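Participant: Make a model of this:
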Amino acid sequence: MTQLPEWLPPMVRVDPWGQDTFDILYSIFERDFKFNQPLYSGKPVWFFPEMEGDKESIFWHLTHREDKKTGERLPDMRRCERLPWIKAVIENRDKPELLNWDYKEGDGSVKTYLWLK
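Facilitator: Next comes the predicted model:
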């Protein structure tokens, strides 16, 4: 197994899944994005504030994945357990363990992607 960089926070435990798991995940989202905005190249990272139910749409995007058969979005354990990594990856974009690039999407928008090797 590859050793993780020391700047990467520990994953959050989501197995076994409990009644308070989404509360724990949402508190991480609030800490890392709502109350303490990450910086990418010194610029604040923001998100659209649309809500789905009682939580931001981006929270559901970060913790769920679409089921290819049903089209329903379901919790994704791997996404959930790595939620604490997102801010660290954004703020450490120049580390050698990370790749980052801009990509022009089909609709003409340019998106920045970050990937932990």
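
Participant: what does the longest helix seen in the chain rub up against?
Facilitator: Ranked by residue count, the top helix of the chain under DSSP state H comes out as helix 21-29. With contact meaning C-beta atoms under 8 Å, 6 or more residues apart in numbering, helix 21-29 is reached by 12, 14, 55-56, 59, 62-63, 80, 83-84. C-beta: built from backbone N, CA, C; applies to glycine.

Participant: ditto for stretch 73-90
Facilitator: Against stretch 73-90 from outside (C-beta under 8 Å, 6+ apart): 7-15, 17, 21, 25, 28-29, 32-33, 36, 38-40, 45, 60, 62-67, 98, 114, 116.

Participant: Mind doing that once more with 7 Å?
Facilitator: 7-12, 14-15, 25, 28-29, 32, 38, 40, 45, 60, 62-67, 98, 114, 116 (C-beta atoms under 7 Å, 6 or more residues apart in numbering).

Participant: now that stretch, how far from the chain's geometric center?
Facilitator: 5 Å (C-alpha atoms, centre = their mean, to the nearest Å).

Participant: Only alpha carbons, please: show that stretch as CSV.
Facilitator: C-alpha atoms of stretch 73-90 as CSV (Å, rounded to 0.1, in the frame of the first residue of the first chain):
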residue,chain,number,x,y,z
ARG,A,73,-28.0,9.1,-6.2
LEU,A,74,-26.9,6.9,-3.3
PRO,A,75,-24.2,7.4,-0.6
ASP,A,76,-20.8,6.4,-1.8
MET,A,77,-18.7,5.1,1.0
ARG,A,78,-15.4,5.9,-0.6
ARG,A,79,-16.4,9.5,-1.3
CYS,A,80,-17.8,9.8,2.2
GLU,A,81,-14.7,8.5,4.0
ARG,A,82,-12.4,10.8,1.9
LEU,A,83,-14.5,14.0,2.5
PRO,A,84,-11.8,15.4,4.9
TRP,A,85,-9.3,15.1,2.1
ILE,A,86,-11.0,17.6,-0.3
LYS,A,87,-9.9,20.8,1.4
ALA,A,88,-6.3,19.5,2.0
VAL,A,89,-6.0,18.5,-1.7
ILE,A,90,-7.2,22.0,-2.8
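
Participant: Might you report the residue contacts of residue 55?
Facilitator: residue 26.
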